[in-house]
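S.K.: sequence plus predicted model, see below.
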Amino acid sequence: MLDQIVFYFFAALAVISAVLVVTRRNIVQSAIFLITALLATAGIFLQLHAEFLFIVQVILYAGGIMVLFVFVIMLINLDVSLHQVQFNRQWWLGLVLALALGAQLTVAIAVGRSGLPLGEPAPATMLEPSTELVGKVLFSEYMLPFEIASILLLVAMIGAVVMAKKKV
Amino acid sequence: MHSLIDFLLTYWVQLVCAVIIVAVLPLVAGYIVLMERKVMADMQARLGPMRVGPHGLLQPIADALKLLIKEDIIPDEADKAIFWVAPLISVTAGMLAMSTLAIGPWFQIADLNIGLLFIVGISALGIFGIVLGGWSSNSHYSLLGALRSAAQLVSYETAAGMAIVGALMLAGTLSTREIIATQNDYGVWFVFAAPVGFFIYVVASIAETNRAPFDLPEAESELVAGYMTEYSGFRWALYFLAEYTNMVVVASIATTLFLGGWLRPFAGTRAFNFLDFLPSVLLLGVAGYCFYRAPKQPVKIQKMVLAAVGAMIILVALILAAPLLAPAGSFVASMKAGLHGAFWFLLKVGLYIYLFMWLRFTFPRYRFDQLMRLGWQFLIPLSIVNVMGIGVALVLHRHFGWSHWTAFPLTTILTLAVAGLLAAAGEKQEKTHAIVGEEA
């Protein structure tokens, strides 16, 4: 009962703020709603006992990326963006497609529910600490993809530095 | 309804702890402000607040009352909703971060297995309060303060995070409780195993809490009051509360990770058991000073208040001494862990905050480019080397059978050598910059 209330609270928060991100005219307000959407998703992770995912969501997305977003937004002249056209002419097509996708998913879940057993949640005490599990798996089974991703990030970082560097 | 009652029955201890933290923290913050003013006065050879209560002891309460009844001004051109909510974000983030701190073995709201990451991550959200508050004020000074704050926090969070990683490698866990337990097993606090990491954390935590010498977001001689220029009354007080809450949070992280948390000095050595009496003796000394000063107060009510403060401190000293004097195995004796743990933890947090104040009144403010250079060109490389050094020391210890006493000092010396190289390189670069600047 309490679980469900918490879940629906976070889910509603995420959906409503996600819609507001697109519809607000003021981009600072959009950024704030993007933060709430990310935090609400983090809350759902927490409810699923995925503590590590929760805190990674908070630190990386809310604490890191969004701070940089807001930092850049503050340097933009807001008056200009307030008078620009917010949506292009295809917004109604997007709305129709989104509604169609939503309807399809609803029908699919309603019809195929019996064929897709969702599995019983494990009791909270049985779960191993997720941080250690993620670490172990990352450095044993998925070593190669992990290293490739690291090299990709390193290349991007060096590229950014080279592009930003003044000619000496 | 039923599930709500179940929830309350299961978690009432945690709820009570949470209410205590939320209720007591503003008071604590107020008294840290008083302590800061007194320390500042002492270092500048003056008396500081003396009027309200004996030796200004009631000053924080008077300040809080004044701020509560002041007019709450919102500028016409401000973005009202964001202006209204920004201080709340800062305060909420700071208070939420307190929830996984273990103040003594008894007092903790939640022992999460992501404990320390939770504190670091949630307290980092407080930056939004500063940035949004500065932006929504619609004033140049506020915006500059907010921009500086964002840039500073992003830069120094990396160094602080890497310093924390170093200590976490020693602990092998993220839970605050187990970090302290491992320090007990090692028999040495991590500050001695990783002194360079502790140094990096001290510097980075000062920058993260926006305090002098890194208080550029609110540099009063350049930006009026930085991001809180347009704030007044209680919203301004909320920003202050957030700043001091953050100080308590970073001090608690440092205490937990590097200074042994609630452990007494030499916790594992029986020969130092007499240190258990230190809390009571210290407090009795303070109480004695209160009684010595009480008759010298100018007004009768002040004499009475100071004597009452002394009596309260004696009471606390007696409570701390009771478990030591009670027969072993009795209920009173079993309270020792909780009471003394809380005392040592709070003492270390207090000393760390005192260190902050000491540095604040010793160093002049950094220039912004100096701040950035220190963060990116010295602290971050040094923190990476520090993590590698600790890794090497752990491998030497675990796989090659070196003892702690050789492995850790060796890598510490190596890290210090790298620090020296970095500092020398930075100085050289600054010199060439200066020459280029002169030629141009």
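M.R.: Nice, I can see it. Only a predicted model underlies this, so the values are computations on that prediction, with no experimental measurement involved.
S.K.: which bits of chain B sit near chain A?
M.R.: B:2-4, B:7, B:79, B:81-82, B:112-114, B:117-118, B:120-122, B:124-125, B:127-128, B:131-132, B:135-136, B:143, B:146-147, B:150-151, B:153-154, B:157, B:174 (Cβ under 8 Å from any Cβ of the partner chain). Where you see a C-beta, it was placed from the backbone N, CA and C, and this is true even at glycine.
S.K.: local confidence estimate at residue A:168?
M.R.: Looking at residue A:168, its pLDDT is 58.
S.K.: actually residue B:233, not the one I typed
M.R.: At residue B:233, pLDDT is 79.
S.K.: ok, now which ones touch it?
M.R.: If you count contacts by Cβ atoms under 8 Å, 6 or more residues apart in numbering or on different chains, residue B:233 has them with B:67-68, B:70-73.
S.K.: could you do residue B:26 as well?
M.R.: By Cβ under 8 Å, 6+ apart, the residues touching residue B:26 are B:64, B:241.
S.K.: swap in the one 4 residues further on?
M.R.: Residue B:30 makes contact with B:60-61, B:63-64 under the criterion Cβ under 8 Å, 6+ apart.
S.K.: residue contacts, residue B:161?
M.R.: Contact partners of residue B:161, counting by Cβ under 8 Å, 6+ apart, are residue B:120.
S.K.: please compute how far the strand or helix carrying residue B:340 lies from its chain's middle.
M.R.: Under the criterion of DSSP states H and E, residue B:340 resides in helix B:336-360. Taking Cα atoms, centre = their mean, to the nearest Å, one finds helix B:336-360 lying 9 Å from the centre of the chain it belongs to.
S.K.: pull out the buried residues from the next helix or strand after it.
M.R.: With elements assigned by DSSP H and E, the helix or strand that comes after helix B:336-360 is helix B:368-373. Of the residues in helix B:368-373, those buried by neighbour count under the rule 16 or more other Cβ atoms under 10 Å in any protein chain shown are B:371, B:373.
S.K.: now stretch B:398-407: mean pLDDT?
M.R.: 77.
S.K.: could you do stretch B:4-11 as well?
M.R.: The average pLDDT for stretch B:4-11 rounds to 78.
S.K.: repeat that for stretch A:138-152.
M.R.: Computed over stretch A:138-152, the average pLDDT equals 90.
S.K.: now stretch A:111-126
M.R.: For stretch A:111-126, the mean per-residue pLDDT is 66.
S.K.: kindly report the same for stretch B:349-359.
M.R.: 90.
S.K.: stretch B:310-321 too?
M.R.: With pLDDT averaged residue by residue, stretch B:310-321 scores 84.
S.K.: touching the helix or strand hosting residue B:61 from outside, list them.
M.R.: Using DSSP H and E, residue B:61 falls within helix B:59-69. Contact with helix B:59-69 is made by B:26-27, B:30-31, B:33-34, B:37, B:49, B:51-53, B:233-234, B:236-237, as judged by Cβ under 8 Å, 6+ apart.
S.K.: may I ask which of these comes out lowest in pLDDT?
M.R.: Out of those, that is residue B:53, at 75.
S.K.: ok, and the closest non-adjacent residue to residue B:96?
M.R.: Among residues not flanking residue B:96 along the chain, residue B:122 sits closest, at 4.9 Å (Cβ to Cβ, 6 or more residues apart in numbering or on different chains).
S.K.: any of the residues of chain B next to chain A buried? List them.
M.R.: B:79, B:82, B:112-114, B:117-118, B:120-122, B:124-125, B:127-128, B:131-132, B:135-136, B:143, B:146-147, B:150-151, B:153-154, B:157, B:174.
S.K.: buried subset of the contacts of residue B:233, written for PyMOL?
M.R.: Buried members of the contacts of residue B:233, defined by 16+ other Cβ under 10 Å, are picked up in PyMOL with:
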select buried, chain B and resi 67
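S.K.: now for the contacts of residue B:233: which two are most distant?
M.R.: Longest distance between any two of the contacts of residue B:233 is 14.6 Å, between B:68 and B:73; criterion Cβ to Cβ.
S.K.: about what we covered before: can you put the contacts of residue B:233 in CSV and add pLDDT?
M.R.: Listed next are the contacts of residue B:233 as CSV, based on pLDDT from 0 to 100:
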residue, pLDDT
B:67, 85
B:68, 85
B:70, 85
B:71, 82
B:72, 80
B:73, 80
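S.K.: among the contacts of residue B:233, which one sits closest to residue B:14?
M.R.: For the contacts of residue B:233, the minimum distance to residue B:14 (Cβ to Cβ) is 29.3 Å, reached by residue B:68.
S.K.: could you list the buried residues of the helix or strand hosting residue B:161?
M.R.: Residue B:161 belongs to helix B:140-171 when assigned by DSSP H and E. Residues B:141-171 are the ones in helix B:140-171 that count as buried (16+ other Cβ under 10 Å).
S.K.: and the next helix or strand after that helix with helix B:336-360, angle?
M.R.: Counting by DSSP H and E, the next helix or strand C-terminal to helix B:140-171 is helix B:176-186. Following axes from the mean of the first three to the mean of the last three Cα atoms, to 10 degrees, one obtains 90 degrees for the angle between helix B:176-186 and helix B:336-360.
S.K.: okay, the angle between helix B:176-186 and helix B:140-171?
M.R.: In terms of direction (the same axes, to 10 degrees), helix B:176-186 departs from helix B:140-171 by 50 degrees.
S.K.: report the buried residues of the helix or strand that helix B:176-186 is followed by.
M.R.: Of the helices and strands lying after helix B:176-186 in sequence (DSSP H and E), the nearest is helix B:190-193. For helix B:190-193, a neighbour-count test (16+ other Cβ under 10 Å) marks B:190-193 as buried.
S.K.: of all these, which comes closest to chain A?
M.R.: Taking Cβ to the nearest Cβ as the measure, chain A lies nearest residue B:190 of the buried residues of helix B:190-193, at 19.0 Å.
S.K.: residues contacting the closest one?
M.R.: Residue B:190 is in contact with B:167, B:170-171, B:183, B:197-198, B:257-258, B:260, counting by Cβ under 8 Å, 6+ apart.
S.K.: the helix holding residue B:161: how far from the chain's middle?
M.R.: Taking the mean of its C-alpha atoms, helix B:140-171 sits 14 Å from the chain's own mean (Cα atoms, centre = their mean).
S.K.: repeat that for stretch B:252-269.
M.R.: Using Cα atoms, centre = their mean, the offset of stretch B:252-269 from its chain centre is 15 Å.
S.K.: can you list the domain ranges for chain A.
M.R.: Following automatic domain parsing, chain A resolves into domains at A:1-86, A:129-168.
S.K.: where does the residue most central in space within chain B land in three-state SS?
M.R.: In chain B, the residue lying closest to the centroid (Cα atoms, centre = their mean) is residue B:251, at 2.4 Å. Secondary structure assignment for residue B:251 (DSSP: H, G, I helix; E, B strand; the rest coil): helix.
S.K.: test my guess that it contacts residue B:349.
M.R.: Yes. Using Cβ atoms under 8 Å, residue B:251 is in contact with residue B:349, at 4.5 Å.
S.K.: quick check: closest non-adjacent residue to residue 146.
M.R.: No chain was given, so I picked chain A. Spatial nearest neighbour of residue A:146, chain neighbours left out: residue A:138 (5.3 Å); criterion: Cβ to Cβ, 6+ apart.
S.K.: um, chain B though
M.R.: Going by Cβ to Cβ, 6+ apart, residue B:146 has residue B:134 as its nearest residue, at 2.5 Å.
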